[in-house]
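S.K.: Turn this into a structure:
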Amino acid sequence: MNKKQLISAVSVSLIIIVGAFAYYLLNKHTTVFTVQARSTNHQQIGGAVQKGKSSSLITVYIVGAVKTPGVYKVKVGTRLYELVDCAGGFLPGADVVSLNLARRLHDGEKIVVTKKDSRSKGKSFVYKKGTTALSGKIDINTASVEELKRLPGVGPKIAQRIVDYRNAHGGFRSPQELIRVKGIGKKKLKKMLPFVVVR
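M.R.: Predicted coordinates:
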């Protein structure tokens, strides 16, 4: 090896050593975290099991006239009738007609399955709209469009908006939240409040 080749070899070695030392200084205080994916069984609290990635699951709460009420994790796009199956099915006397079993569920939603005679309990009110009489309070979280149309000042369009709103927001938290539905102002809400309830 001649003098020129020796100088070149030494220079390359020095560059490698300096580079390695610089890399060490830059990374000696850096902590590397490794996140390992793990398989998890997602289940209803005390009940049925649903499997899948967390990003493809939503959490819903079903109570009332079902065999196993509780919080369930289900796949995105799950329909109400499938959730009812997970909850063991309806109890005798469940008011199935007031539910849209074909609709898709939303994350954070609460579904209340009432019994057929539950809406007649408590204080009774009577409202006459043409030839239609309304007695008892209507649960705006479970009522159908036809039932909502019986409320004062509520036609088919507003009734459908009420249903669309509760589906999009997981239900109403109070009757006063009806003010957020397009077409319902303060005067109309005041007329409706004596006849509605949130369970």
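S.K.: separation between the nearest residue to Ala94 once chain neighbours are set aside and Thr142?
M.R.: Using CB to CB, 6 or more residues apart in numbering and skipping the chain neighbours, the partner closest in space to Ala94 is Ala65 (3.8 Å). (Glycine included, C-beta is placed from N, CA and C.) In this structure, Ala65 lies at 11 Å from Thr142, with CB to CB, to the nearest Å as the measure.
S.K.: show me the contacts for the residue nearest to Ala94.
M.R.: Neighbouring residues of Ala65 by CB atoms under 8 Å, 6 or more residues apart in numbering: Phe90, Leu91, Gly93, Ala94, Asp95, Val113, Thr114, Lys115.
S.K.: swap in Glu146?
M.R.: With CB under 8 Å, 6+ apart as the criterion, the residues that contact Glu146 are Ala159.
S.K.: With Gly89 instead?
M.R.: Contacts of Gly89 were listed using CB under 8 Å, 6+ apart, and they are Val66, Lys67.
S.K.: Which pLDDT value belongs to it?
M.R.: At Gly89, the predicted lDDT confidence score is 93.
S.K.: State the distance from it to Ala65.
M.R.: From Gly89 to Ala65 the distance is 10 Å (CB to CB).
S.K.: For the spatially closest residue to Thr68 that is not a sequence neighbour, which three-state class applies?
M.R.: For Thr68, the nearest residue in space outside its immediate sequence neighbours is Gly88; the separation is 4.2 Å by CB to CB, 6+ apart. Recorded secondary structure, Gly88: coil (DSSP: H, G, I helix; E, B strand; the rest coil).
S.K.: Correct me if wrong: Gly88 contacts Tyr72.
M.R.: No. In this structure, Gly88 is not within contact of Tyr72 by CB atoms under 8 Å, at 11.2 Å.
S.K.: Pretty sure Val198 sits against Arg173.
M.R.: Yes. With contacts counted by CB under 8 Å, Val198 reaches Arg173, the gap being 6.8 Å.
S.K.: higher neighbour count, the two?
M.R.: Taking other CB atoms under 10 Å, Val198 and Arg173 do not tie; Val198 has more neighbours (18 against 11).
S.K.: distance of the closest residue to that one other than its chain neighbours from Leu99?
M.R.: Distances taken as CB to CB, 6+ apart put Phe172 closest to Val198, at 5.1 Å, once the chain neighbours are dropped. Relative to Leu99, Phe172 is positioned 15 Å away (CB to CB).
S.K.: swap in Val197?
M.R.: Between Val197 and Leu99 the distance, using CB to CB, works out to 17 Å.
S.K.: Just the CA atoms of the strand of greatest length in the chain, as PDB, please.
M.R.: Looking only at the chain and at elements set by DSSP state E, the strand with the highest residue count is strand 57-64. Output in PDB follows, covering the C-alpha atoms of strand 57-64 (Å, rounded to 0.1, in the frame of the first residue of the first chain):
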ATOM      1  CA  LEU A  57     -66.500  -0.700  16.500                       C
ATOM      2  CA  ILE A  58     -69.000   1.600  18.100                       C
ATOM      3  CA  THR A  59     -70.400   1.600  21.600                       C
ATOM      4  CA  VAL A  60     -74.100   1.700  22.200                       C
ATOM      5  CA  TYR A  61     -76.400   1.300  25.200                       C
ATOM      6  CA  ILE A  62     -79.700  -0.500  25.200                       C
ATOM      7  CA  VAL A  63     -82.100  -0.600  28.100                       C
ATOM      8  CA  GLY A  64     -85.700  -1.400  28.800                       C
END
